[in-house]
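**Student:** fold the following for me, if possible:
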Amino acid sequence: MQAIFDWLSSVLALLLCASVVDMLLSDSPMKKYVRLAAGLVIMAALINPLFSADWSFSFFNERSTSSFQLETKQQLNQLSDVSELASNTYVNQQLHSDAKMAAASFSSCEVLDVGAEMNGEDLKNIQVLVKGTCPEEKIRNVLTENWNIEDHQLNMVMEKEELGGG
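**Tutor:** A predicted model of the protein is given here:
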């Protein structure tokens, strides 16, 4: 893009110089020769990129992507996947600690696991696995309010304690 800008500016500068010289030579017998020379210089400047080696090289590179560029793109995609995974892990840890805090006020209630589905930066769905006898509605209300989500986005799974009769 910079090359196009440089090319256009040089053509415009040549046009400006040619018009100034044309105005200075008002009725001179040399005017037609000066106009011819200026026209040839401007035409040469206009078609210069077509014959330039740099132009063909950049045109060739736009058509085919090198293996280095493909490998770089793959590595960047892998890095973005890793950073997304790390952010999801952080979000899950934060949600887990919030759920533990909400359930801490009930002695017989224990949060086993919290999993979140993310849609970019937004929480799509959260599943909370709880063990013990917990007031599900109270915990659900606290968590939906803390996490600023709708009630349908929170799925609470209550794990029942098995009573052994051995």
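
**Student:** and the strands in the chain?
**Tutor:** In the chain, the segments counted as strands under DSSP state E are 109-119, 122-132, 154-159.

**Student:** so what touches the shortest one?
**Tutor:** The set of residues external to strand 154-159 that reach it, using CB atoms under 8 Å, 6 or more residues apart in numbering, is 112, 125-131, 134, 136, 139-140, 143-144, 147. Every residue, glycine included, has its C-beta placed from N, CA and C.

**Student:** try the first one
**Tutor:** When contacts are taken as CB under 8 Å, 6+ apart, the neighbours of strand 109-119 outside the stretch itself are 88, 91-92, 95-96, 99-100, 102-103, 123-135, 139, 159.

**Student:** out of those, which are buried?
**Tutor:** Burial by neighbour count, 16 or more other CB atoms under 10 Å: within the contacts of strand 109-119 this picks out 91-92, 95-96, 99, 102-103, 123, 126, 128-132, 134, 139.

**Student:** quick one: low-confidence parts of this protein?
**Tutor:** 52-68, 79-88, 120-121, 160-166 (pLDDT under 70).

**Student:** please redo it, this time with the cut-off set to 90
**Tutor:** Within the chain, the stretches with pLDDT under 90 are 1-11, 14, 17-35, 37-38, 41-42, 44-166.

**Student:** list the residues that contact the residue of it positioned farthest from its centre.
**Tutor:** Taking CA atoms, centre = their mean, the residue of the chain most remote from its mean C-alpha position is Pro29, at 62.8 Å. Contacts for Pro29 (CB under 8 Å, 6+ apart) come out as none.

**Student:** and it, how far from Ala38?
**Tutor:** Per CB to CB, to the nearest Å, Pro29 is found 16 Å from Ala38.
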